[in-house]
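Novice: Have a look at this fold, sequence not included:
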């Protein structure tokens, strides 16, 4: 590695010359934001590679995935990496949201960045769902039908959103191509833009929210060279974990979907099990649309109307109980509903 | 922490380990246990699309000469995913599990107007014939039991094991439809319910009793896929265990069906209406080693030499066994072959017809059998109902010759006319012939 | 890091343990990266098996009298019969792969860059480097001609006429049965 007097590399230059050491404590952030960015990178690169073989037509979609899974050299790996990094991204984003909520990292000038993060979460879940649908196999038929029909339930915009998503009056030939357009470009580009903006805002807002250990001495700082080393370390470990998981567990693949003859397997993808459970309880408009949107609205209001504290850089600060209760309650609710759905 | 190179080394090791694991997984694909080093592609001329089934199933027999593998491939009949290389994905969408001729899926697998179903002539729609035949509907047994115990006043069939209808009724005894037999209905007498619980296994819509001697498949394969006594597979496909019951002996369809295949249902014993139980025959060795003469018929039967030296299909041709396309109430309505069909009577020669149409069904059936030398212009024997026994040909000198469909042995068929036979021409029942011609069992 | 001079006469020859670990780390990462690059190359090199048939079954030899040229558009070939027997030419131009078309003079012209070929495929002029390729023919069990588009035969190759003529006679004797 270069000595202290060498000129900084490109990657080092992407960081501030140094950051307060307090911001880099693993037990404070668990590196979730950075991990999210890494998984975003892996999912994008693997997705780009999949573009060379995936065919977004309803006749060829499933067959092209079978070609990738069984015949293209290491195609199974690229598909596995894409799937697992995608799911890891959803999990990491959710955990990162929880961490920020429970440490007050959304306070003060960071309030807007919280909204950007929420936007990212929504787009990422949308990317996961559209990617799921691109498999176009018998096991996703019901999920696709229900998910797209839920869109219809939205007042005013519902029918238009449905047509934009599905490309016709129902699931059919045009749907795969539409989902592909949304997945690769329509949702991807805004997600990338939001991600860049989100990271920029982190820097502009003063980096990761922290509180100095003592006010008198200057806080110890971490030079960017070490910071980059740590990030590289984290990426290597996360990358290894992805490779190991991809080698041991392949994402499922069923026969081609026939929208006219949906199979009897009725279950949502894991990240929507909570919505499926809600839908069992009542009216689709209230349970499937209004309730989730209300949860999202509450989260959006969290730093503006719910949280009134000022303490930064601590886990579970005393002045943040309302926001913490809300975040934990929503997380618990999501978790219980998901568990219930999974155990059926 | 920032100075020590150890964490980076460990992380680099972890990445290398991950890469090594990926390499290991890449080198051990799901089909490796079956011996193939690389995927084996088969491009059938019917579809032009590659199928990789043989990667695991290499060594499996060609299903029949009439369904050449290089023309049909596997997916056309079996369904499934042609490109997949692991069992779970490859078998998604498989029709009927290991038997695509099971009646639940036979239309999709074997049907179509260019294949075995859907043609206007009922004699060519083998699927419709089989599904309406008594062997599939079991209507005769159901009607007889219900009639015996007062559940119905007549012995005309009203129920079948599965609901079935036939819009085109061509025979006088044909029925337009049969409802599904619902034995649990409270209106059925107790004996009929007992019958349903214990005796509804010997028909084409069901699988076999899982015991040696009864081993057969369902659907078309019940007759056309020959099984052995234990029901084990003895062919070349490495994915099929050798010691597991429930398989045909080989992945092959045949029309040269030996008597042992019929005996997976027939000649296994007798029903008793008294205790509504099936009493298995007890004279056979449990390992299936009994001789042909001993095994063929039950101890109470009377039979002549040709009835045990020939196979069932030599006389009971497809018109009888697979039905005429109509729903019938009793076997007697479809059975038309008698001793005199081939042997004639003192005053009448056997009924015959010449084969003049190159597209004659009899010619097609004969071509499937390597022992047959049937040609356009030959004269063959027919029954009263018009069923053709294409393996019984009249020679130029007027004599008759039978070629066994299974063994290929050629027999001269002795004629009653001009012989010392003392029969009463009015009594053509088999029992009358057996009075003199029955064979002693060992 | 201990103060190891990076240059000059005092630079020690022996690496410390830390130096070794650092080099080992780099080596591992480069090796893994190399494997990844190789894997990427393999991944991108895959080509799916050629879709569509390359064997085409035509009619019995009797259907093509001596001296005729039959254009087979599905297969992309031209079938000829002369006194020597049957032969076929691929209609794919040897320049950059366009499909040649019949020209007014009885030969073929390539619409892409103007290559011209004679009636039996010889190159007349044009950027194409060679004549139209000869393609092999055979007979199937029912006596029909079969074109094998992936084969290459030389210009003088023929499916001999006596062989084909024998099949002609058999086909005529059996009538429509075949």
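Specialist: Arrived safely, thanks for sending. The structure presented is a predicted model; accordingly, all values stated were derived computationally and were not measured.
Novice: a helix runs through residue C:146, doesn't it?
Specialist: No: judged by DSSP: H, G, I helix; E, B strand; the rest coil, residue C:146 forms no part of a helix; its state is strand.
Novice: Any figure for the gap between it and chain B?
Specialist: As judged by CB to the nearest CB, to the nearest Å, residue C:146 and chain B stand 11 Å apart. Every C-beta, even on glycine, is put in place using the N, C-alpha and C of the backbone.
Novice: For that residue, name its beta-bridge partners.
Specialist: As for beta bridges, residue C:146 partners with residue C:57, residue C:138 under DSSP bridges.
Novice: got the domain boundaries for chain B?
Specialist: Under the assignment automatic domain parsing, the domains of chain B span B:24-94, B:124-313, B:336-417+B:424-431.
Novice: Contact partners for residue 220?
Specialist: The chain I'm using is chain A. The neighbours of residue A:220, taking CB atoms under 8 Å, 6 or more residues apart in numbering or on different chains as the test, are A:20, A:21.
Novice: that's the wrong chain, I meant chain B
Specialist: Neighbour list for residue B:220: B:101, B:106, B:110, B:126, B:127, B:130, B:204, B:253 [criterion: CB under 8 Å, 6+ apart].
Novice: Kindly report the same for residue B:138.
Specialist: B:160, B:161, B:181, B:200, B:202, B:203, B:205.
Novice: Return the distance of it relative to residue A:41.
Specialist: 65 Å (CB to CB, to the nearest Å).
Novice: cool, and residue B:228?
Specialist: Computed with CB to CB, the distance linking residue B:228 and residue A:41 is 60 Å.
Novice: ok but residue A:227 is inside a helix, no?
Specialist: Yes: when three-state DSSP is applied, residue A:227 is found to be in a helix.
Novice: residues contacting the residue nearest to it when sequence neighbours are not counted?
Specialist: Spatially, and ignoring its direct neighbours in sequence, residue A:227 is nearest to residue A:15 (5.6 Å; CB to CB, 6 or more residues apart in numbering or on different chains). Residue A:15 sits next to A:224, A:227, A:228 when contact means CB under 8 Å, 6+ apart.
Novice: Of those residues, which is the nearest to chain C?
Specialist: For the contacts of residue A:15, the minimum distance to chain C (CB to the nearest CB) is 14.4 Å, reached by residue A:228.
Novice: Next, count neighbours for residue 123.
Specialist: All of this refers to chain A. A count of nearby residues for residue A:123, using other CB atoms under 10 Å in any protein chain shown, gives 21.
Novice: my bad, chain B
Specialist: Residue B:123 sits with 16 neighbouring residues when counted by other CB under 10 Å.
Novice: Please apply the same query to residue C:45.
Specialist: Here the number of neighbours of residue C:45 (other CB under 10 Å) works out to 9.
Novice: Same question for residue B:218.
Specialist: The criterion is other CB under 10 Å. On that basis, residue B:218 has 20 neighbouring residues.
Novice: circling back to that earlier point, neighbour count winner among residue B:228 and residue A:41?
Specialist: Between residue B:228 and residue A:41, residue B:228 has the larger neighbour count (other CB under 10 Å), namely 18 against 14.
Novice: Give me the pLDDT value at the nearest residue to that one once chain neighbours are set aside.
Specialist: Leaving aside its sequence neighbours, residue B:228 sits nearest to residue B:249 (CB to CB, 6+ apart; 4.7 Å). In this model, residue B:249 is scored at 96, pLDDT.
Novice: Quick check: residue B:249 touching residue B:234?
Specialist: Yes: taking CB atoms under 8 Å as the contact criterion, residue B:249 and residue B:234 are neighbours in contact, 5.3 Å apart.
Novice: So which of those two has more stuff around it?
Specialist: Neighbours around residue B:249 and residue B:234, counted as other CB under 10 Å, are more numerous at residue B:249. The numbers are 18 against 12.
Novice: how close does that one get to residue B:227?
Specialist: Counting by CB to CB, the separation of residue B:249 from residue B:227 is 6 Å.
Novice: Next: residue A:47.
Specialist: Taken as CB to CB, the span from residue A:47 to residue B:227 is 51 Å.
Novice: could I get the contacts of residue B:220 as CSV with secondary structure, pLDDT and neighbour count?
Specialist: Shown next, in CSV, are these (DSSP: H, G, I helix; E, B strand; the rest coil; pLDDT from 0 to 100; neighbours: other CB atoms under 10 Å in any protein chain shown):
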residue, secondary structure, pLDDT, neighbour count
B:101, coil, 95, 24
B:106, helix, 94, 25
B:110, helix, 92, 21
B:126, helix, 90, 21
B:127, helix, 92, 22
B:130, helix, 93, 26
B:204, coil, 93, 28
B:253, coil, 95, 21
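Novice: Show me which of these is closest to chain A.
Specialist: Distance from chain A was checked for each of those by CB to the nearest CB. The minimum falls on residue B:106, at 18.0 Å.
Novice: Contact residues of the stretch 51-200 of chain A facing chain C?
Specialist: Neighbours of chain C within the stretch 51-200 of chain A, by CB under 8 Å from any CB of the partner chain: A:52, A:53, A:67, A:71, A:72, A:73, A:74, A:75, A:77, A:78.
Novice: now chain B, which segments are flagged as low pLDDT?
Specialist: With pLDDT under 70 as the threshold, chain B has low-confidence stretches at B:1-3, B:118, B:120-122, B:184-185.
Novice: Pull the contacting residues for the spatially most central residue of it.
Specialist: Per CA atoms, centre = their mean, the C-alpha nearest to the average position across chain B is that of residue B:223, at 1.9 Å. Neighbour list for residue B:223: B:257, B:261, B:262, B:321 [criterion: CB under 8 Å, 6+ apart].
Novice: same thing but 6 Å
Specialist: Counting by CB atoms under 6 Å, 6 or more residues apart in numbering or on different chains, residue B:223 touches B:257, B:261.
Novice: next one: residue A:273
Specialist: Residues counted as contacts of residue A:273 (CB under 6 Å, 6+ apart) are A:338, A:341, A:342.
Novice: For chain A, what's its nearest residue on chain B.
Specialist: Evaluated by CB to the nearest CB, chain B has residue B:18 as its residue closest to chain A, separated by 3.1 Å.
Novice: From chain C, how far out is residue B:416?
Specialist: Look at residue B:416 and chain C: by CB to the nearest CB, they are 37 Å apart.
Novice: what about that residue, neighbour count?
Specialist: Residue B:416 has 21 nearby residues by other CB under 10 Å.
Novice: pretty sure it is in a helix, no?
Specialist: No: per three-state DSSP, residue B:416 lies outside any helix segment and is coil.
Novice: How about the backbone phi and psi for it?
Specialist: phi -70, psi -40 (degrees, to the nearest 10).
Novice: Report the contact partners of it.
Specialist: Contact partners of residue B:416, counting by CB under 6 Å, 6+ apart, are B:343, B:344, B:345, B:346.
Novice: Then residue B:201?
Specialist: Residues near residue B:201 by CB under 6 Å, 6+ apart: residue B:209.
Novice: how near is it to residue B:271?
Specialist: Distance, residue B:201 to residue B:271, using CB to CB: 12 Å.
Novice: now swap in residue B:364 and tell me
Specialist: Spatial separation of residue B:364 from residue B:271 under the definition CB to CB is 37 Å.
Novice: Between those two, tell me which one has more neighbours.
Specialist: When residue B:364 is set against residue B:271 and neighbours are counted by other CB under 10 Å, the residue ahead is residue B:271, at 17 against 13.
Novice: For that one, give the beta-bridge partners.
Specialist: Beta-bridge partners recorded for residue B:271 (DSSP bridges): residue B:278.
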